[in-house]
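[1] the following comprises the amino acid sequence and a computationally predicted model.
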Amino acid sequence: MLAGAFERAWDICDAVLHGRRGRSCADLPYHLRWVWDGTPLVGRRVLVRCYHGLGDTLQFIRFVPPLAAVAQSVVVEAQRELLPLLRSVCDGVRFYPLDGALPSWDVAIESMELPHALRITLGDLPGHIPYLTPPPTFSARLSRARAGADRPRVGVVWAAGDWRRERSLPPALLLPLVALPLDLFGLQLGAARRDTAATSLVSSLKAMLPENATIADTAALICDLDLVVSVDTMVAHLAGALGRPVWTLLDAAADWRWMHARSDSPWYPTMRLFRQRRPGAWQPVVAELTAALAGITRRRDPERDPQSPCSERDRL
């Protein structure tokens with residue numbers, strides 16, 4: 001998968017499925033338990049379980065429509081906070097919160113197993129983009145903050161979850177962005193926004209998402225921004241699924257889904273990748289990011305580029 005050789009990956013997965021026959025996974029940690037046993041999905045009542053990370057659900061929910069095209073029916077069990085967004089993915093598919101009551105089903109599969117079951121190839125990506133649509137709800141306070149803005153609006157996220165903390169960067173490293181002719185909006189969710197290390201950056205932003213902001217609120221704001229800059233976390237997937245420009249900052253041991261040595265992502269055509277060259281070395285990444293943002297703001301200046309026919313979004 002890291003090399004993009006999906007067909008070979010599915011051969012390996014077939015062998016893994018064969019080796020699981022007759023084995024129980026009840027003794028494994030919940031996130032390592034398998035769901036699908038290789039049972040065909042065509043013409044069956046399929047339950048799709050989403051029990052990994054929020055970003056995983058957002059990335060792999062794109063495979064529900066092709067599944068629905070061949071299954072008798074599809075039910076999705078997903079994280080409650082994502083349901084308002086996920087319901088826009090596919091007509092005729094029913095969505096339920098995790099641990100809730102479910103209708104009967106013939107075969108279950110975890111969302112991250114769908115590309116294997118559907119034999120997706122690299123050429124099948126990214127599929128239809130955007131595949132998520134936010135409901136018409138977002139903070140009036142943020143709407144007022146955006147009113148009349150004539151500078152590029154850029155959302156920033158500096159911290160990922162506790163799983164693989166090396167994905168996060170020290171928020172103070174993003175302070176050089178404050179000096180650029182941009183309006184910066186904080187899209188950081190969770191406790192990281194209240195960390196004292198983030199105080200200087202947060203106080204320099206145009207606005208922050210409210211403490212009680214939902215993921216649907218975040219999606220609505222992303223759709224009103226020119227660009228999202230994020231570490232490898234849920235917000236990066238959200239922006240990509242919404243078809244919005246997003247620049248993702250990756251640590252040196254980035255996950256397989258970002259593949260090897262690429263500056264683009266087959267999963268999200270609006271995404272650009274900025275990679276660490278050495279573990280923990282975020283300064284060169286931020287320097288590259290700052291230069292790229294400075295180039296965009298210079299090209300946006302009508303006095304410097306009066307003949308440019310492109311919109312700012314086109315350039316991003």
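    Received, thanks. Numbering: from 1, shown residues only.
[2] in stretch 152-163, which residues are buried?
    152-161 (16 or more other C-beta atoms under 10 Å). Where you see a C-beta, it was placed from the backbone N, CA and C, and this is true even at glycine.
[3] stretch 223-235 too?
    223-235.
[4] which ones among these map onto helices?
    Of those, the ones assigned to helices by DSSP state H are 234-235.
[5] report the lowest-confidence entry in the buried residues of stretch 223-235.
    Ranked by pLDDT, these bottom out at residue 224, which has 89.
[6] unless I'm mixing things up, that residue is touching residue 153, no?
    Yes: Residue 224 is within contact range of residue 153, at 7.2 Å (criterion: C-beta atoms under 8 Å).
[7] looking at the buried residues of stretch 152-163, which is nearest residue 131?
    residue 155 (20.0 Å; C-beta to C-beta).
[8] check the gap between the spatially most central residue of the chain and residue 131 for me.
    Compute the mean C-alpha point of the chain, and by C-alpha atoms, centre = their mean the closest residue is residue 237, 0.8 Å away. In this view, residue 237 and residue 131 are 11 Å apart by C-beta to C-beta, to the nearest Å.
[9] please apply the same query to residue 290.
    Taken as C-beta to C-beta, the span from residue 290 to residue 131 is 31 Å.
[10] neighbour count for those two, which is higher?
    Using other C-beta atoms under 10 Å as the criterion, residue 290 and residue 131 rank with residue 131 on top: 21 against 16.
[11] how close does that one sit to residue 85?
    From residue 131 to residue 85 the distance is 10 Å (C-beta to C-beta).
[12] equivalent analysis for residue 100, please.
    For residue 100, the distance to residue 85 - C-beta to C-beta - is 17 Å.
[13] which one's more surrounded, the two?
    The residue with more neighbours, out of residue 100 and residue 85, is residue 85; 26 against 8, by other C-beta under 10 Å.
[14] what strand or helix carries that one?
    According to DSSP states H and E, residue 85 maps onto helix 83-86.
[15] what sits up against that helix?
    Contact with helix 83-86 is made by 57-58, 61, 76, 78, 95, 97, 132-135, 214-216, 219, 238, as judged by C-beta atoms under 8 Å, 6 or more residues apart in numbering.
[16] how does it look with 6 Å?
    For helix 83-86, contacts defined as C-beta atoms under 6 Å, 6 or more residues apart in numbering pick out 61, 78, 95, 132, 135, 216, 219.
[17] could those go into JSON lines alongside secondary structure and pLDDT?
    Shown next, in JSON lines, are these (DSSP: H, G, I helix; E, B strand; the rest coil; pLDDT from 0 to 100):
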{"residue": "61", "secondary structure": "helix", "pLDDT": "98"}
{"residue": "78", "secondary structure": "strand", "pLDDT": "97"}
{"residue": "95", "secondary structure": "strand", "pLDDT": "97"}
{"residue": "132", "secondary structure": "coil", "pLDDT": "95"}
{"residue": "135", "secondary structure": "coil", "pLDDT": "77"}
{"residue": "216", "secondary structure": "helix", "pLDDT": "92"}
{"residue": "219", "secondary structure": "helix", "pLDDT": "94"}
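[18] in TSV: those residues, plus distance to residue 67 and neighbour count.
    Formatted as TSV, these follow (distance: C-beta to C-beta, whole Å; neighbours: other C-beta atoms under 10 Å):
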residue	distance to residue 67	neighbour count
61	10	26
78	14	23
95	14	22
132	16	23
135	23	14
216	24	19
219	23	26
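[19] for residue 269, what are its contacts?
    By C-beta under 6 Å, 6+ apart, the neighbours of residue 269 are residue 126.
[20] cutoff 7 Å now
    126, 129 (C-beta atoms under 7 Å, 6 or more residues apart in numbering).
[21] secondary structure element for it, which one?
    Here residue 269 is assigned to strand 268-275, by DSSP H and E.
[22] strands paired with that strand, and their directions?
    strand 246-250 (parallel), strand 264-265 (antiparallel) (DSSP bridges).
[23] can you give the distance of the last one from its chain's centre?
    In this case it means strand 264-265. Mean-position distance between strand 264-265 and its chain equals 13 Å (C-alpha atoms, centre = their mean, to the nearest Å).
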